[in-house]
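Engineer: pasting the sequence and the predicted model now:
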Amino acid sequence: MLGSKGCRLLHSNNSRADILKHEIIERVKEYYKLTHKQEKFIPGTSRIPYAGRVFDESEMTNLVESSLDFWLTTGKYAEKFEKEFSEFLGVKYCSLTNSGSSANLLAFMALTSPKLGEKRIKRGDEVITVAAGFPTTVAPIIQYGAVPVFVDVSFPAYNIDCSLLELALSEKTKAVMLAHTLGNPFDIKTVREFCDKHRLWFIEDNCDALGAEYFYKGEWIYTGTIGHIGTSSFYPPHHITMGEGGAVYTNDRQLKRIIDSLRDWGRDCWCPSGQDNTCRNRFGWQLGELPHGYDHKYVYSHFGYNFKITDMQAAIGCAQLEKLPSFIEARKRNWGLLRDGLADLSDMFILPEATTDSDPSWFGFLLTVREHAGFTRKKIITFLESNGIQTRMLFAGNLLKHPCFDEMRKSGEGFRVAGELTNTDRITMDTFWIGVYPGMNEEMIRFMIDKIQEFVMKNTGVKNE
């Protein structure tokens, strides 16, 4: 035991450490002010990125404080984020993971768990989705050995054409897995009713739509929380960032347990990191063909992964989460300014519109060049990029046309298309988007509007007022 002298020494060391820690944090704040000032926008000279991280000294001090604790894996900040993120969304359970793509993989693989019995998705079962989106919404289906069934999307929402759901249905259908396109919710009511009617699983890829709301059963509810499982991404372009990171969330306790098992090596134990025997029966289980009493911390009920996040990333996320409401409002404001400023170009572009009964949390502003506009997508994006305005495609466009599908296309196996992908192909040829992220100000938005108007006038002779 420590004597009085030892106690005084320990107290003295702790006091010095606290003082030093405070000094470090104050220096970090000073460093932020010196090195991370937002540069003044200079029209025609400054570049306008489609997205980017928006932060202040809070993220940097959280990161440094976490690194000083040197708890390198999941810890107190991850626990804090999961709790506060769940409260924000209004869901019971949240599991942090290392990316949005991993979140999608965990969400899908959870539904293949033997613990779900006859409800589980098996190899060869079908999952309804769309090809016009990001590939990691679809990749888990294929990687597991299930069969994606692709249906078309509709303009001007750029989301699934729900009239095709019944056409896509077969006796093998087990789930629907869809993303809310660039922050615009799809018709969740119709999809959920379809899933309930046919007893299907429903996964919402919410990676581009954090903070979007949908009017469902008489109240406004956040997207990602109406399906059985929702996912988010915290990659820098997204609504909040941890650098890398993602989350899986659900109201189903069994699914939560399965998701955590798959994320944490596939283990059967549910003890948090650094804790033992929360079940109070650590050496009392008999599972599989293991001997009775085999340490529950090393019993594996799934073929899992290590998709945990570091506490340093979660520390950044905690600071970002405080800013999320203002980020959402900024995205809505910027999108609204673009929509108003380009409203007179509806003859040249298919302009985006919010889904009925939704309040989107926009990720970007979509434009599709009309067939008789008098110019091509390539021509306008070349012009915009040359003027410092960054553009992006609607991700994969038609995913089936990419090299990763070469073998499957040749064999005609491993996927199915219900109907035609007419609009999906149109998006591949004619659609692009520009940013609305919170780092943009009104001057930048006005510059983008002016340049698009300038391009149209030069290339069509049509002057818009």
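Structural biologist: Looks like it came in fine. Numbering: from 1, shown residues only.
Engineer: any idea how far the closest residue to Thr223 other than its chain neighbours lies from Ala179?
Structural biologist: The spatially closest residue to Thr223, leaving aside those adjacent along the chain, is Ala212, at 4.5 Å (C-beta to C-beta, 6 or more residues apart in numbering). (Glycine included, C-beta is placed from N, CA and C.) Separation of Ala212 from Ala179 (C-beta to C-beta, to the nearest Å) stands at 11 Å.
Engineer: list the residues that contact both of the two?
Structural biologist: Counting by C-beta atoms under 8 Å, 6 or more residues apart in numbering, the contacts common to Ala212 and Ala179 are Asn206.
Engineer: all strands of the stretch 201-350 of the chain, in order?
Structural biologist: For the stretch 201-350 of the chain, the strands defined by DSSP state E, counting those that start in this stretch occupy 201-205, 213-216, 219-222, 229-233, 246-250, 349-350.
Engineer: buried set for stretch 281-301?
Structural biologist: Of all the residues in stretch 281-301, those buried under the rule 16 or more other C-beta atoms under 10 Å are 282, 285, 296, 299, 301.
Engineer: how about the first one: what's its closest non-neighbour residue?
Structural biologist: With C-beta to C-beta, 6+ apart as the criterion, Arg282 has its nearest non-adjacent residue at 4.9 Å, and that residue is His296.
Engineer: next, count neighbours for Ser95.
Structural biologist: By the criterion of other C-beta atoms under 10 Å, Ser95 has 27 neighbours.
Engineer: is it correct that it is in contact with Leu255?
Structural biologist: No: the pair Ser95 / Leu255 is not scored as a contact, 9.8 Å apart, by C-beta atoms under 8 Å.
Engineer: export the buried residues of stretch 281-301 as a markdown table, with columns for pLDDT.
Structural biologist: Below are those laid out as a markdown table (pLDDT from 0 to 100):
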| residue | pLDDT |
| --- | --- |
| Arg282 | 94 |
| Trp285 | 91 |
| His296 | 92 |
| Val299 | 94 |
| Ser301 | 94 |
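Engineer: looking at those residues, which are in helices?
Structural biologist: Among the buried residues of stretch 281-301, none falls in helices (DSSP state H).
Engineer: got JSON lines for the residues you listed, with distance to His372 too?
Structural biologist: Listed next are these as JSON lines, based on distance: C-beta to C-beta, whole Å:
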{"residue": "Arg282", "distance to His372": "70"}
{"residue": "Trp285", "distance to His372": "69"}
{"residue": "His296", "distance to His372": "67"}
{"residue": "Val299", "distance to His372": "65"}
{"residue": "Ser301", "distance to His372": "59"}
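Engineer: and which of the residues you listed is nearest Val127?
Structural biologist: Ser301 (23.1 Å; C-beta to C-beta).
Engineer: doesn't Trp265 make contact with that closest one?
Structural biologist: No: Ser301 is beyond contact range of Trp265, at 10.6 Å (criterion: C-beta under 8 Å).
Engineer: what about this structure, any weak spots by pLDDT?
Structural biologist: Where the chain drops to pLDDT under 70, the residues are 1-13, 461-465.
Engineer: can you show me the helices along it?
Structural biologist: Taking DSSP H as the criterion, the chain carries its helices at 4-35, 57-69, 76-89, 100-110, 139-144, 165-168, 188-198, 253-263, 311-341, 377-386, 406-411, 422-430, 442-460.
Engineer: relative to Asn184, how far out is Ser358?
Structural biologist: 7 Å.
Engineer: residues near Arg199, how many?
Structural biologist: Arg199, neighbours per other C-beta under 10 Å, totals 9.
Engineer: Arg123 too?
Structural biologist: Neighbours of Arg123 (other C-beta under 10 Å): 9.
Engineer: now it. Nearest residue, chain neighbours left out?
Structural biologist: Nearest to Arg123 is Gly145, by C-beta to C-beta, 6+ apart, at 3.7 Å.
Engineer: can you check Leu105 too?
Structural biologist: Using C-beta to C-beta, 6+ apart, the closest residue to Leu105 is Pro140 (4.6 Å).
Engineer: so Tyr298 is in contact with Gly266, correct?
Structural biologist: No: Tyr298 lies out of contact with Gly266 (C-beta under 8 Å); the separation is 10.9 Å.
Engineer: just the C-alphas of stretch 395-415, formatted as PDB.
Structural biologist: C-alpha atoms of stretch 395-415 as PDB (Å, rounded to 0.1, in the frame of the first residue of the first chain):
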ATOM      1  CA  PHE A 395     -21.800   7.300 -58.100                       C
ATOM      2  CA  ALA A 396     -21.900   4.100 -60.200                       C
ATOM      3  CA  GLY A 397     -24.700   5.200 -62.500                       C
ATOM      4  CA  ASN A 398     -25.700   1.800 -63.800                       C
ATOM      5  CA  LEU A 399     -23.600  -0.500 -61.600                       C
ATOM      6  CA  LEU A 400     -24.200  -3.400 -64.000                       C
ATOM      7  CA  LYS A 401     -22.100  -1.700 -66.700                       C
ATOM      8  CA  HIS A 402     -19.000  -1.600 -64.500                       C
ATOM      9  CA  PRO A 403     -16.000  -4.100 -64.900                       C
ATOM     10  CA  CYS A 404     -16.900  -5.700 -61.600                       C
ATOM     11  CA  PHE A 405     -20.000  -7.100 -63.300                       C
ATOM     12  CA  ASP A 406     -18.200  -8.400 -66.400                       C
ATOM     13  CA  GLU A 407     -18.200 -12.100 -65.500                       C
ATOM     14  CA  MET A 408     -21.700 -12.000 -64.200                       C
ATOM     15  CA  ARG A 409     -23.000 -10.200 -67.300                       C
ATOM     16  CA  LYS A 410     -21.300 -12.800 -69.500                       C
ATOM     17  CA  SER A 411     -22.700 -15.700 -67.500                       C
ATOM     18  CA  GLY A 412     -26.100 -14.100 -67.000                       C
ATOM     19  CA  GLU A 413     -26.000 -15.500 -63.400                       C
ATOM     20  CA  GLY A 414     -25.800 -14.000 -60.000                       C
ATOM     21  CA  PHE A 415     -28.300 -11.100 -60.500                       C
END
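Engineer: give me the buried positions along that stretch.
Structural biologist: So, applying 16+ other C-beta under 10 Å, buried residues of stretch 395-415: 395-400, 405, 415.
Engineer: and what of stretch 187-196?
Structural biologist: 187-189, 191-192, 194-195.
Engineer: on that earlier part again, now the residue nearest to Arg123: phi and psi?
Structural biologist: phi 110, psi 10 (degrees, to the nearest 10).
Engineer: make residue 1 into 20 and carry on from there
Structural biologist: All set: I'll call the first residue 20, so the last point we hit is now Gly164.
Engineer: what's the offset of stretch 148-165 from the middle of its chain?
Structural biologist: Relative to the centre of its chain, stretch 148-165 is centred 15 Å away, using C-alpha atoms, centre = their mean, to the nearest Å.
Engineer: okay, the helices of the chain, which one's buried deepest?
Structural biologist: helix 119-129 (a mean of 27; mean count of other C-beta atoms under 10 Å).
Engineer: could you give the angle of that one to strand 220-224?
Structural biologist: Helix 119-129 runs at 180 degrees relative to strand 220-224, counting by axes from the mean of the first three to the mean of the last three C-alpha atoms, to 10 degrees.
Engineer: which residue, neighbours along the chain excluded, lies closest to Gly303?
Structural biologist: Gly312 (6.4 Å).
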